[in-house]
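[1] Prediction below, plus the sequence it came from.
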Amino acid sequence: MFIATLIANGTLTAGDISEARDRLENAGCAPTAQAWIEEGYAADIGFGMSPDQARLAVEGVFAGTDVVVQPLVNRVKRLLVADMDSTMITVECIDELADYAGIKAEIAAVTERAMRGELDFASALDARVALLKDLSAQAIGQCLEERVRITDGAVTLIRTMRARGAHTVLVSGGFTHFAEPVGRAIGFDRMVANRLGIAEDKLTGLVEKPIVDSSTKLSVLEEERKARGLAIEQVLAVGDGANDLNMIRAAGLGVAYHAKPVVAAAAGARIDHTDLSALLYAQGIARKDWIEG
């Protein structure tokens with residue numbers, strides 16, 4: 001059995017659910033029961049076959065509504081591995097840090113290309129960090145305080161999943177100076193990120209090796225999964241950029257969150273309209289059972 005979950009920001013109607021059910025029927029998916037998770041916000045439609053056809057039938061059809069299609073078994077996840085920049089927080093830290101050096105536009109253009117998969121991530125990171133050489137290390141704390149904002153729904157997602165026994169890992173191609181305080185603030189169990197070189201209170205323009213990249217994100221996911229004896233189907237991964245693709249593809253539920261086109265096209269699910277609390281609805285968890293951030 002499979003579940004199609006429709007998720008919106010209070011605008012979901014009974015008519016939307018009925019139309020989605022009809023679309024699943026016409027696509028040969030054999031819909032069964034339907035039920036609200038949260039009236040106006042999320043609803044489930046069960047169906048018996050053809051999940052790929054189900055996605056084609058209902059994804060992107062209803063304005064302002066995200067759709068997550070997945071097996072019913074192992075719907076509630078026991079491991080979450082998440083990207084940080086533009087996923088758990090609203091900005092790309094290296095771009096904001098570059099603003100303190102007066103070169104944000106130059107670095108942001110490279111970041112965008114790397115996140116779209118047009119550049120090798122490690123080489124692009126080395127090149128961008130090199131441009132930050134001699135920037136005062138005090139800019140890191142200033143950037144963290146002034147620019148970094150946690151994405152809506154992030155704290156609720158992580159705290160609710162942890163309260164239900166899940167293990168949560170923040171794995172970032174960004175920097176520990178941001179990932180560690182952000183991870184603590186959100187409530188992650190573990191944080192993995194790159195280390196900026198600093199000497200005499202200035203950035204050296206170097207990143208410690210090995211660089212945390214797409215292969216690292218995949219290896220962290222597999223390490224954590226195997227350490228807990230979990231099946232792939234019990235894993236949720238979420239990110240927005242090309243360096244998240246490996247872990248997204250490896251997870252039982254791999255989610256592209258407000259993602260670059262290459263990621264959205266490859267992910268098993270995409271969240272384009274709602275916030276990170278959508279990933280609780282996707283697990284069938286109603287707001288009354290959330291631990292609000």
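    Thanks, I have the structure now. Numbers count the residues shown, from 1 in each chain.
[2] To which secondary structure element type does L97 belong?
    In terms of secondary structure, L97 is helix; the call rests on DSSP: H, G, I helix; E, B strand; the rest coil.
[3] contacting residues for the residue nearest to it when sequence neighbours are not counted?
    Sequence neighbours aside, C143 is the residue nearest to L97 in space, at 5.1 Å (criterion: Cβ to Cβ, 6 or more residues apart in numbering). To be clear about C-beta, it is placed using only N, CA and C from the backbone, and glycine gets the same treatment. Taking Cβ atoms under 8 Å, 6 or more residues apart in numbering, we find C143 in contact with C93, E96, L97, D99, Y100, F178.
[4] what's the neighbour count on the closest residue to the second one other than its chain neighbours?
    Just to be clear, that refers to E96. Nearest residue to E96, sequence neighbours excluded (Cβ to Cβ, 6+ apart): R147, at 4.1 Å. R147 sits with 18 neighbouring residues when counted by other Cβ atoms under 10 Å.
[5] again with W290
    By the criterion of other Cβ under 10 Å, W290 has 18 neighbours.
[6] how about the residue nearest to E96, what does it touch?
    Applying Cβ under 8 Å, 6+ apart, one finds that R147 lies in contact with V91, C93, E96, D99.
[7] For those residues, which single residue is the most surrounded?
    Across the contacts of R147, neighbour numbers were computed from other Cβ under 10 Å; C93 holds the maximum, 26 neighbours.
[8] circling back: got the contacts of R147 as JSON lines, with pLDDT columns?
    As requested, the contacts of R147 are exported to JSON lines (pLDDT from 0 to 100):
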{"residue": "V91", "pLDDT": "96"}
{"residue": "C93", "pLDDT": "96"}
{"residue": "E96", "pLDDT": "95"}
{"residue": "D99", "pLDDT": "95"}
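[9] Which member of these is positioned nearest A265?
    V91 (24.0 Å; Cβ to Cβ).
[10] My understanding was that that closest one contacts T151; is that so?
    No. Under the criterion of Cβ atoms under 8 Å, V91 is not in contact with T151, lying 9.8 Å apart.
[11] where's the residue of the chain positioned farthest from its centre relative to K209, distance?
    Counting by Cα atoms, centre = their mean, the extreme residue of the chain relative to its mean C-alpha position is E200, 35.5 Å from that point. Using Cβ to Cβ, to the nearest Å, we find E200 at a distance of 21 Å from K209.
[12] in a helix, that's where the residue nearest to L97 is, yeah?
    Yes. Remark: C143 belongs to a helix, assigned using three-state DSSP.
[13] how far away is it from L135?
    Separation of C143 from L135 (Cβ to Cβ): 10 Å.
[14] Overlap of the contact sets of these two?
    For the pair C143 and L135, residues contacting each of them under the criterion Cβ under 8 Å, 6+ apart are L97, Y100.
[15] Can you give me the pLDDT of the closest residue to D126 other than its chain neighbours?
    Once its chain neighbours are removed from consideration, D126 has its nearest residue in V207; the separation is 6.4 Å (Cβ to Cβ, 6+ apart). Here, the pLDDT recorded for V207 equals 96.
[16] Contact partners for V207?
    L125, D126, V129, N194, R195, L196, G197.
[17] Let me see the mean pLDDT of the helix or strand containing the second one.
    So the one you mean is D126. Remark: D126 resides in helix 121-130, with elements defined by DSSP states H and E. Helix 121-130 shows a mean pLDDT of 93 in the predicted model.
[18] What are the contacting residues of that helix?
    Counting by Cβ under 8 Å, 6+ apart, the neighbours of helix 121-130 from elsewhere in the structure are 94, 98, 107, 110-111, 113-114, 173, 194, 196, 203, 205-207, 211, 213-214, 242-243.
[19] and what of stretch 2-9?
    For stretch 2-9, the surrounding residues in contact (Cβ under 8 Å, 6+ apart) are 12, 16-17, 20, 24, 29, 37, 40-49, 51, 54, 58, 62, 64-72, 75, 271, 273-274, 278, 281-282, 284.
[20] This completes my enquiry, with thanks.
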